[in-house]
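Test case, fold it:
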Amino acid sequence: MMAESTADLVCDRLGVDEPCQTADETLPAVDAPERLDEAVARFDGQGDTDADVVDAGSAGATDAGAAGASD
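Numbers count the residues shown, from 1 in each chain. Next comes the predicted model:
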C-alpha cells in the first residue's frame, strides 16, 4: 500500500494519469535467490554516494531505539 500511495503521488505531481500497477507487478528475480541477492547488493543504499545519508539515519535510529527500549 505504501509503494502504491507513493507511486500515485509521484504520478499526480508529474501529471501522469495512469493506474498504478505496483500491487500487480512481481519483483524481479523473486524466484531466483542468487539474482535477488545480487539486486539487494547493488541497490541496498550502502554505496559511496549514500554514505552521508545512511550514516546520519543510522545514528538517529540507534538513539531512538535505545530510548524506546528503556520505556
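
Which pLDDT value goes with Ala59?
Looking at Ala59, its pLDDT is 55.

hmm, I was thinking of Cys20
84.

Equivalent analysis for the one 10 residues further on, please.
Per-residue pLDDT puts Val30 at 75.

Tally up the residues packed near it, please.
10 (other C-beta atoms under 10 Å). All C-beta atoms are positioned from the backbone trio N, CA, C, and that covers glycine.

Verify the contact between it and Leu36 for me.
Yes. Proximity of Val30 to Leu36 meets the contact threshold set by C-beta atoms under 8 Å, at 6.5 Å.

Quick check: which element contains Ala39?
helix 33-43 (DSSP states H and E).

which other residues reach that helix?
27-30 (C-beta atoms under 8 Å, 6 or more residues apart in numbering).

Quick check: which ranges of this protein have low pLDDT?
45-51, 54-71 (pLDDT under 70).

Which residue ranges of it form helices?
All helices of the chain, identified by DSSP state H, fall at 2-14, 33-43, 51-69.

Kindly export the helix holding Ala39 (C-alpha atoms) in PDB.
Only the C-alpha atoms of helix 33-43 are listed here, as PDB (Å, rounded to 0.1, in the frame of the first residue of the first chain):
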ATOM      1  CA  PRO A  33      17.500 -16.100  -4.700                       C
ATOM      2  CA  GLU A  34      21.000 -15.600  -6.200                       C
ATOM      3  CA  ARG A  35      19.700 -12.900  -8.500                       C
ATOM      4  CA  LEU A  36      17.700 -11.300  -5.700                       C
ATOM      5  CA  ASP A  37      20.900 -11.200  -3.500                       C
ATOM      6  CA  GLU A  38      22.700  -9.500  -6.500                       C
ATOM      7  CA  ALA A  39      19.900  -6.900  -6.700                       C
ATOM      8  CA  VAL A  40      20.000  -6.200  -3.000                       C
ATOM      9  CA  ALA A  41      23.800  -5.900  -3.100                       C
ATOM     10  CA  ARG A  42      23.500  -3.400  -6.000                       C
ATOM     11  CA  PHE A  43      20.700  -1.200  -4.600                       C
END
